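>>> My questions are about this predicted structure, shown below with the sequence.
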Amino acid sequence: MLSPHSSPTVDERGSCACSSRDEVPVGLLFFGFVSGGPLVTEECPGCCPARREVSEVTAIEEKSTGGLSAMFLDAVRKRSSKRAVISGEVGSLSKVFFGSLVPNAAVNTCMALSISSSEYIWTAQVLTGAMTYIQRRRGKSPVTFIQHPSLELLDDFVVLFQSYQHILALAFAIKEINEKPQILPNVTMGVNIYNSYFSPSWIYLASMELLFAQNRFIPNFKCGIQNNPAAVIGGPDICLHMAAILDIYKIPQLTYGSAPIMDKETQAVFFQQMFPNESYQHKGLLQLLLYFRWIWIGVLAVKDDKGEKFVQEVLPTFPQHGICFDFIGEFPNVAFYSDFTDVMEETYKTHSIIAKSTAKVIVLYGAMESMNFLKMLVQYSEVEDKSVKTKIWIMNAEMDFTSISIQRDWDVKFLQNALSFAVHSKEVPGFQEFLLLRNPTAAEHDGFLRNFWEHAFQCLFHSSDLGNKYGTICTRKEKMATLPASVFELSTTAHSYNVYNAVYAVAYALEAMHSSKLKHNLIVGRRGPNLQNQQLWQAHPLSLCNDPCQTGHSKTKNESRPFCCYDCHPCPEGKISNKEDMEDCSHCPEGHYSNRDKDACIPKRITFLSYEEPLGISLATCALSFSFITALMLGIFIKHKYTPIVKANNRNLTYTLLVSLLLSFLCVLLFIGKPDKIVCLLRQPAFGIIFSMAVSCVLAKTFVVVLAFMAIKPGSSMRKWMGKGMDSFIVLFCCLIQTTICIIWLAIFPPYPDFDVHSMSEEVIMECNEGSVTMFYCVLGFLGFLAVISFSVAFLARKLPDTFNEAKFITFSMLVFCTVWLCFIPTYISTRGKYMLAVEIFSMISSGAGLLMCIFFPKCFIIVMRPELNNKHQLMKKTILNFSYVSIKLL
């Protein structure tokens, strides 16, 4: 029936149309349904020969493998068309009538049959089109070219019972919306349905018919309908094919299933997913397997793009958690197989793999129709007497517990051990009563109900074409409540619930668009709407001195121009502006830095000098190498401790110096790695005390030699200072002073782990805060004081007799030591982060290596390579310096 405010009209081209006071065509493609077709009445002259009381919308149901993504609300708001077409599922509802199939309609009539197999007729200002699959061909039949292919498809098919509930969920949602005065007042939503037969080519055809007023289309032309549908609702296996056409006309889509695999990023702009993100299912599956210790499993994935993506991207993460695969197979997507024998062959191969498998758990990743495959698999096991029922089956939420007509007698509990992930859903109030009221008598215009009724109750009507299949006559008194669960569910399924929500999402988006047009609203009372919160669909033009400052910029006053004019300057590092025309850029929180566009803050990454990076590995390798060389030299001196060259150089001090150098190289390892409280407390004091011992040993060696030559002079008072304990006293006294400084440091303000968030723009430096910087430089200052004293004493002793004198070697070694640490101070202050720590480590290794090579390498060379020079006669004859010179020259 027509809306009381609508009247039929004829446009200039002679095509039928209905004009109304407030028409809004919203186009939606549902499951497999497409909107399209003219609004016709008996008053439309020359358009439709058949008498029609209401506008008609045909529908085709086609299977697809995906859909275009969209921010649905925004995309709908951008459309301000006056007519709306909403594609939806079939169902009886108020103001909605279901038309029967029109066979062999004339080509020149409004109802010319193109691809429709069932009709859904509804006078509406907002028309909902839908595409779904409620029927599937059972096998191939030759094309006769005698009648239209759409009629040949009806020769032999099976019914998907559960898809009918999806259709009724759409119908019930539209019925509710039309009866609620709060949503879209004075606007009626309608439905248009086509049968896709799981054929992508039919989906393309239906999508193009969506854009035309008549049930025919001309490629590259738009005829009849002046405005595109506002939105499309579709299933996961249909949307992707529709998107190839609908994307051209910028028609947004909603899908009630999982998101399809997009071919290009631009498709995501026109797509909104009602189904939860599948990544959460994958995480839940992994946790479920680990919780029950099911680590030896088999996997079956549906043979399509999504199944391939699951195998290639998701399954490789399972072995990282200790899960192994006995087999990874694929099974056919039953919906796409037109030849049933192909399905049976694939099922038999899969059954053989499962029967031979030792895995007790099988993960089944399928689509909505994959339950049909699983039922056939169980039937095979009963025939082969190799039961697969004892396996534990884990299924994804996408699989729907539906049956085809030939499986109606199979119990829904055909599997003994099965787990399935579920999508959140709840019972829709009034929906079950709506289903129970389905009856051929009360809903005679429901184009799908007749076929469903015959297959569900296994009966036939007098005019049915299935008279050779069933012998029982339908009494029209059959009750939906008597159908088994394997045939039809009365409770709201997850997919039906998503369908229901998708329709409401469209309705609320349209409601928001209409309510924002304030010129059509009446303001009652003194208070009106808050204009600041209104979405401006058609904003008025602006007149500004300059364009607004974009994000990442702030306003700066221009003194040479009027006060309403300003300049826009980019935000500096560490500041952002995430709104237009900000007066000033705001600082990023501590531990964050601004991105390249200066419109968002990014967390800084934590960094420290670790053993896993090249710099840390190089420094650690150098330290360990010199530690090994020092230990080797110490072994040489111990082995040859009774030789003249070792005895002449104070063996005890030599051993102490070598041990100190060994510890100083190993001390470097405390400076590499993640700092913690213990490491921070130990590393700087250990470095200071160990290096003080090494330098004090060098000082003691030189001081004892100088003191000995001063004591042999006649009448010298230095003899009283000569003794065996003099060298030990010098070493202990110097170490005691450095130890006292370190104890005071640890007692007053000790080092501690800290995070430096200010030195580096994009990094948080994890380091040891030295606590008291003054005490740190006191430690370095005392080391420098000992080095200067040692260098001075060695320089004064350079002209003493060479037999007992190594002052020249010590002088050169201390020169290297002092040079390294003098360069360290400015370099250390000017660097930040792990490089500052690397400078200190390099200084420690370099100064230790200078002492080791300058003092001990010449002696070790003579001991190992020139042992004939290591005797008392040669020692008295030539100086150690000459021995070294000759040895190096011979090398």
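Thanks, I have it.
>>> residues of stretch 301-316 that come out buried?
By neighbour count on 16 or more other Cβ atoms under 10 Å, the buried set for stretch 301-316 is 301-304, 306-307, 310-311, 314-315. Placement of C-beta: from N, CA and C, glycine included.
>>> State the distance spanning the first to the last residue of it.
With Cα to Cα, to the nearest Å as the measure, the first residue of stretch 301-316 is 14 Å from its last.
>>> Closest to Val343 out of the buried residues of stretch 301-316?
Distance from Val343 was checked for each of those by Cβ to Cβ. The minimum falls on Lys303, at 11.1 Å.
>>> Can you name the residues that contact the closest one?
Contact analysis of Lys303 by Cβ atoms under 8 Å, 6 or more residues apart in numbering lists 330-333.
>>> Doesn't Ile741 lie inside a helix?
Yes: going by DSSP: H, G, I helix; E, B strand; the rest coil, the assignment for Ile741 places it inside a helix.
>>> List the contacts of stretch 781-796.
Residues outside stretch 781-796 that contact it (Cβ under 8 Å, 6+ apart) are 688, 691-692, 695-696, 698-699, 702-703, 706, 734, 737-738, 741, 807-808, 810-811, 814-815, 817-818, 821.
>>> all strands of the stretch 201-350 of the chain, in order?
Shown for the stretch 201-350 of the chain, the strands assigned by DSSP state E, counting those that start in this stretch span residues 232-234, 253-255, 271-273, 296-302, 324-331.
>>> Give me the mean pLDDT for the second one.
This predicted structure assigns strand 253-255 an average pLDDT of 79.
>>> Same check on the third one?
When pLDDT is averaged over strand 271-273, the result is 68.
>>> Check pLDDT for the contacts of Lys303 and point me to the minimum.
The model is least sure about Asn333 among these, giving it 74.
>>> residues near it, how many?
By the criterion of other Cβ atoms under 10 Å, Asn333 has 24 neighbours.
>>> my guess is it meets Glu369, correct?
Yes: Asn333 sits in contact with Glu369 when judged by Cβ atoms under 8 Å, with a separation of 7.1 Å.
>>> any idea which of the buried residues of stretch 301-316 is closest to Tyr504?
Nearest member of these to Tyr504, counting by Cβ to Cβ, is Lys306, at 26.7 Å.
>>> Mind pulling the model confidence for the closest one?
Taken from the predicted model, the pLDDT recorded for Lys306 is 83.
>>> right, and Phe755 touches Val764 too?
Yes: the pair Phe755 and Val764 qualifies as a contact (Cβ under 8 Å) at a distance of 5.3 Å.
>>> which residues do these two both contact?
Taking Cβ under 8 Å, 6+ apart as the contact criterion, the common neighbours of Phe755 and Val764 are 591, 606.
>>> Which single one of the contacts of Lys303 is nearest to Thr630?
Nearest to Thr630 among the contacts of Lys303: Glu330, at 64.0 Å, using Cβ to Cβ.
>>> out of everything not next to it in sequence, what's closest to that closest one?
Ranked by Cβ to Cβ, 6 or more residues apart in numbering and with sequence neighbours excluded, the top spatial neighbour of Glu330 is Lys303, at 4.5 Å.
>>> how much space between that neighbour and Cys239?
When Cβ to Cβ, to the nearest Å is the yardstick, Lys303 and Cys239 sit 19 Å from each other.
>>> and if you look at Ser554?
Counting by Cβ to Cβ, the separation of Ser554 from Cys239 is 43 Å.
>>> Comparing those two, which residue is more hemmed in?
Cys239 (34 against 22).
>>> Hmm, the more buried one is touching Ile251, no?
No: applying Cβ under 8 Å as the test, Cys239 and Ile251 come out as separate, 11.3 Å apart.
>>> list residues touching both of those two?
Taking Cβ under 8 Å, 6+ apart as the contact definition, Cys239 and Ile251 share the neighbouring residues Val232.
>>> In this structure, what helix or strand scores lowest on average pLDDT?
Counting by mean pLDDT, DSSP states H and E, the weakest-scoring helix or strand in the chain turns out to be strand 58-59, with a mean of 28.
>>> Any buried residues in stretch 764-783, and which?
Judged by neighbour count (16+ other Cβ under 10 Å), stretch 764-783 contains these buried residues: 764-772, 775-776, 778-780, 782-783.
>>> Now the two most distant members of these.
For the buried residues of stretch 764-783, and using Cβ to Cβ, no pair is farther apart than Val764 and Phe782, which are 33.2 Å apart.
>>> related to what we said a few turns ago, could the contacts of Lys303 be laid out in TSV, adding distance to Glu840?
As requested, the contacts of Lys303 are exported to TSV (distance: Cβ to Cβ, whole Å):
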residue	distance to Glu840
Glu330	60
Phe331	64
Pro332	67
Asn333	65
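>>> Could you list the domains of the protein?
118-140+154-274+493-513, 278-420, 544-603, 614-888 (the TED database).
>>> Could you work out which of these reaches nearest to Arg450?
domain 118-140+154-274+493-513 (9.3 Å).
>>> Show the backbone phi and psi for Lys604.
Reported as degrees, to the nearest 10, the phi and psi values for Lys604 are phi -80, psi 150.
>>> going forward can the numbers begin at 148, since that is how I track them
Sure, I'll start numbering at 148, so the last one becomes Lys751.
>>> out of everything not next to it in sequence, what's closest to it?
Setting aside the residues directly before and after it, Lys751 is nearest to Val911 in space (Cβ to Cβ, 6+ apart), at 4.5 Å.
>>> How much space separates that neighbour from Arg979?
According to Cβ to Cβ, Val911 and Arg979 sit 12 Å apart.
>>> Ala985 too?
11 Å.
>>> of those two, who's got more company?
When neighbours are counted by other Cβ under 10 Å, Ala985 and Arg979 differ, and Ala985 comes out ahead with 18 against 15.
>>> Mind telling me what element that one is part of?
Under the criterion of DSSP states H and E, Ala985 resides in helix 981-1012.
>>> buried stuff in that helix?
By neighbour count with 16+ other Cβ under 10 Å, helix 981-1012 contains the buried residues 981, 983-1003, 1005-1010.
>>> now for that helix, which elements pack on it?
Contact partners of helix 981-1012 among helices and strands, from 3 or more Cβ pairs under 8 Å, 6 or more residues apart in numbering; DSSP states H and E: helix 761-786, helix 791-794, helix 798-814, helix 824-858, helix 954-977, helix 1027-1037.
>>> can you do 6 Å?
Using 3 or more Cβ pairs under 6 Å, 6 or more residues apart in numbering; DSSP states H and E, the elements in contact with helix 981-1012 are helix 761-786, helix 798-814, helix 954-977, helix 1027-1037.
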